[in-house]
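In: Pasting the sequence and the predicted model now:
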Amino acid sequence: MNATFTLDGRPVAFSEGQTILQAAVAAGAYIPHLCFHPDFKPHGSCKVCTVKVGGRHAASCTTRATAGAVVESDTPELNAERRALVQMLFVEGNHFCPSCEKSGDCKLQATAYDLGMSTPHFDHFYPDRPVDASHPDMLLDFNRCILCSLCVRASRDVDGKNVFALAGRGIRTRLIANSRTGRLVDTSFSHQDKAAHVCPVGVILHKRRGFETPFGSRVFDRKPISARADSTAEIAAVEADGS
Amino acid sequence: MDGTAPRKLKVATTSLAGCFGCHMSILDIDERLFALLEKVEFDRSPITDIKEVGQCDLGIIEGGVCNAENVEVLREFRRRCKVLIALGACAVNGGLPAQRNTLSLPLILQEVYRSEPGARYGLIPNDPELPLPLNKVHPLHEVVRIDHFIPGCPPPADAIWKVLTGLLEGKEPALGHGLIHFD
């Protein structure tokens, strides 16, 4: 851990093979991100963690840290670009926060707050995405999916089940439950799976546990996401609590 | 009368496809309303019951756009107000009324007016006085230009206060943690 790069002028130590975001998260520094989770191989799809390395745009979750690199992250320009990405995620799905059990504990919402997103800005798609309530313990609300693939990675790499997959391409990409019927109940999915505890938004939900935490006490009510050293671990702790 | 006193800013408010919860949040700024009334006077608003909007400095609109009358009122506000604020979830992203957007409008009307076993002779209302519903519910910014947005269902009174006082002081309002929320 001797080599360092600078993140917004502050030195960040890294070990060989770490990406910029991996090193930043390990050092307790915040770079906005949605599809990244320290326990999984980076996917590089949401681009919210985009930084400038030596003046060039790069997804910090997949860009290897190099000694002496000059990384810019918290700049008005990059935050404006991130805000536009998050706004696009909001209009592509149906993110109706007042009826979402994940509200207050949602990384998409918290990231939007932190980036000062007061409007989705773009025209809404209002896509038609039926929910899957077939499973006795878990509910899938695809309306909120941002295609981060964390559940796909968790189910494949940790649970060894391949319960989830991203099907289709481009704008038609969608999350599916990997069973002959397409229904979650016909997979081997369990509420104890790692994949049941990694969704950063309100897609993969535990039944009979909605709105457990009162307003004001939820993860991101108390502190903004940028002020939390490891928001991923905190959400996981909330999810694990009582399951 | 002090001739140099700045004139009061004119403010109009209305609710389109909303529930008036955001207007309750405006009232929830409580005794600060008196301080506000030192600087503004209300034009068209449920508070004054004035029906037509005059030339205003500021328009505050709650609710999304779900029918032809909403479109007309919104465009009238845009014409008459220098600055427009979208207030609350429905105005910002369609909110609860927009949850019908994945269903077809004829299906909804059938379901609501024709399928109830009690209303055997139910008809879909077609009085010419009634504004026609739009195929989809839209947030305000999809219909006219909006200058400022205050999200929340409803937005906290403190968020409304912060934006209003910011605008009165000529500052770009920013809500920050605790005041910006979507639920």
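Out: All right, it came through fine.
In: CA only for contacts and neighbour counts going forward, please
Out: Will do.
In: what's the neighbour count on A:Leu34?
Out: Neighbours of A:Leu34 under the rule other C-alpha atoms under 10 Å in any protein chain shown: 23.
In: what sits against it?
Out: Residues in contact with A:Leu34, defined by C-alpha atoms under 8 Å, 6 or more residues apart in numbering or on different chains, are A:Cys46, A:Val48, A:Cys49, A:Lys107, A:Leu108, A:Cys148, A:Pro200.
In: Surely the third one and A:His57 touch.
Out: No: the pair formed by A:Cys49 and A:His57 falls short of the contact definition of C-alpha atoms under 8 Å, at 10.2 Å.
In: Comparing those two, which shows the higher neighbour count?
Out: Counted by other C-alpha under 10 Å, A:Cys49 and A:His57 do not tie: A:Cys49 has more neighbours, with 25 against 13.
In: what residues are up against the more buried one?
Out: Taking C-alpha under 8 Å, 6+ apart, one finds A:Leu21, A:Ile31, A:Pro32, A:His33, A:Leu34, A:Ala59, A:Ser60, A:Cys61, A:Arg82 in contact with A:Cys49.
In: Can you give me the neighbour number for the residue nearest to it when sequence neighbours are not counted?
Out: Leaving aside its chain neighbours, A:Cys49 sits nearest to A:His33 (4.7 Å; criterion: C-alpha to C-alpha, 6 or more residues apart in numbering or on different chains). Burial measure for A:His33: 21 neighbouring residues, criterion other C-alpha under 10 Å.
In: Same question for the one 5 residues further on.
Out: Here the neighbour count serves as a burial measure; for A:Pro38 (other C-alpha under 10 Å) it reads 15.
In: Quickly note the distance from A:Ile225 to A:Cys145.
Out: For A:Ile225, the distance to A:Cys145 equals 20 Å [C-alpha to C-alpha, to the nearest Å].
In: surely A:Val12 meets A:Phe5?
Out: Yes: the criterion here is C-alpha under 8 Å, and A:Val12 meets it with A:Phe5 at 5.5 Å.
In: So between these two, which is more surrounded?
Out: Just comparing A:Val12 and A:Phe5: by other C-alpha under 10 Å the higher neighbour count belongs to A:Val12, 25 against 22.
In: Just the element for the more buried one, please.
Out: Secondary structure from DSSP states H and E places A:Val12 in strand A:10-13.
In: In terms of secondary structure, what does that strand contact?
Out: Here strand A:10-13 touches strand A:4-7, helix A:20-26, going by 3 or more C-alpha pairs under 8 Å, 6 or more residues apart in numbering or on different chains; DSSP states H and E.
In: hmm, try it at 7 Å
Out: Applying 3 or more C-alpha pairs under 7 Å, 6 or more residues apart in numbering or on different chains; DSSP states H and E, one finds that strand A:10-13 makes contact with strand A:4-7.
In: At the geometric centre of chain B, which residue do we find?
Out: In chain B, the centroid-proximal residue (C-alpha atoms, centre = their mean) is B:Glu62; its distance is 1.6 Å.
In: and it, bridged to which residues?
Out: For B:Glu62, the beta-bridge partners are B:Ser15, B:Leu87 (DSSP bridges).
In: Could you tell me how far it is located from A:Phe40?
Out: Distance from B:Glu62 to A:Phe40, counting by C-alpha to C-alpha: 43 Å.
In: Which member of the contacts of A:Cys49 is positioned nearest A:Arg209?
Out: Minimum distance to A:Arg209 across these is 23.6 Å, recorded for A:Leu34 (C-alpha to C-alpha).
In: okay, the closest one: pLDDT?
Out: According to the prediction, A:Leu34 has pLDDT 97.
In: helix or strand for it, which one?
Out: For A:Leu34, there is no helix or strand it lies in under DSSP H and E.
In: before we move on, back to that, go through the contacts of A:Leu34 and name the one nearest chain B.
Out: Using C-alpha to the nearest C-alpha, A:Leu108 is the member of the contacts of A:Leu34 that lies nearest chain B, at 11.3 Å.
In: Next, that closest one: secondary structure please.
Out: helix (DSSP: H, G, I helix; E, B strand; the rest coil).
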